[in-house]
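1. return atomic coordinates for the entry below.
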Amino acid sequence: MNELLDLHSNQWKLIILPRKYRTRLLIAIAQLAEHSPLKVLDCGRQYDSSIVARAARGREEIMDRIQIQRAFICYEVVKLLERTPTGHAPTIVLDLLSTFYDENVQIGMRQFLLQSALLHIQRLSYKFGVFVSIDFPPNTSNELSLFEQVRSAASQVLAYETPADASQQLRLF
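-> Residues are numbered from 1 along each chain as shown. Predicted structure coming up:
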């Protein structure tokens, strides 16, 4: 997760990270907040303040540097990104695509909203850089297209893959 601590202006990093590694990401957020204020946009209910507080060793000054905002639907994600000013602190977007997998929103609208979100992420990266996390998508063509849309827009992509369970591995005989 040291890649999270290495944000550069005018670029945004994408990390493809299974949910089971969420704790490592939250620890990295606490480490980043030791050095500067930080904005966290939680799209997939990933932020757990108790994990971050333990990683910060209970130091309130570190916790106070983290500004957390939550979005529960893809429309809210775009609004929060749109309203976030440029140039005050690095931005971390947790589980960006989770709200865009909502089947109650037409796929065309989800793609449009995601494109708008990506433009705002690029804008936010101007001064401090942005770090975006997503999980591997379900295996449907709509979700894969959203996944690829994000992956192709990122300045840098980091993928942490998990080995397949023995029960999921194909049998040869």
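2. quick check: longest helix of this protein.
-> If you go by DSSP state H, the chain has its longest helix at helix 107-124.
3. quick one: contacts of that one?
-> When contacts are defined by C-beta atoms under 8 Å, 6 or more residues apart in numbering, helix 107-124 is touched by residues 12, 74-75, 77-78, 81-82, 84, 86, 91, 93, 96-97, 100, 102, 105, 130, 132, 142, 145-146, 149-150, 153. (Each C-beta comes from the backbone N, C-alpha and C, glycine too.)
4. show the average pLDDT along that helix.
-> For helix 107-124, the mean pLDDT works out to 95.
5. also stretch 157-164?
-> On average, the pLDDT along stretch 157-164 is 72.
6. strands of the protein, start to end?
-> Ranges of strands within the chain are 12-16, 38-42, 66-70, 91-94, 130-134, 156-159, based on DSSP state E.
7. pull up the pairing partners for the fifth one, direction included.
-> Partner strands and pairing direction for strand 130-134 (DSSP bridges) are strand 12-16 (parallel), strand 91-94 (parallel).
8. what number of residues lie near the closest residue to P90 other than its chain neighbours?
-> The shortest distance from P90 to any residue other than its chain neighbours is 4.2 Å, reached at F128 (C-beta to C-beta, 6 or more residues apart in numbering). A count of nearby residues for F128, using other C-beta atoms under 10 Å, gives 21.
9. same question, R151
-> By the criterion of other C-beta under 10 Å, R151 has 13 neighbours.
10. hmm, it is touching S145, no?
-> No: applying C-beta atoms under 8 Å as the test, R151 and S145 come out as separate, 10.7 Å apart.
11. report whether the expected contact of the residue nearest to P90 with I92 is present.
-> No: the criterion here is C-beta under 8 Å, and F128 misses it with I92 at 10.6 Å.
12. quick one on the thing from earlier: of the strands of the chain, which is nearest R54?
-> When these are compared by C-beta to C-beta, strand 66-70 sits nearest R54, at 13.7 Å.
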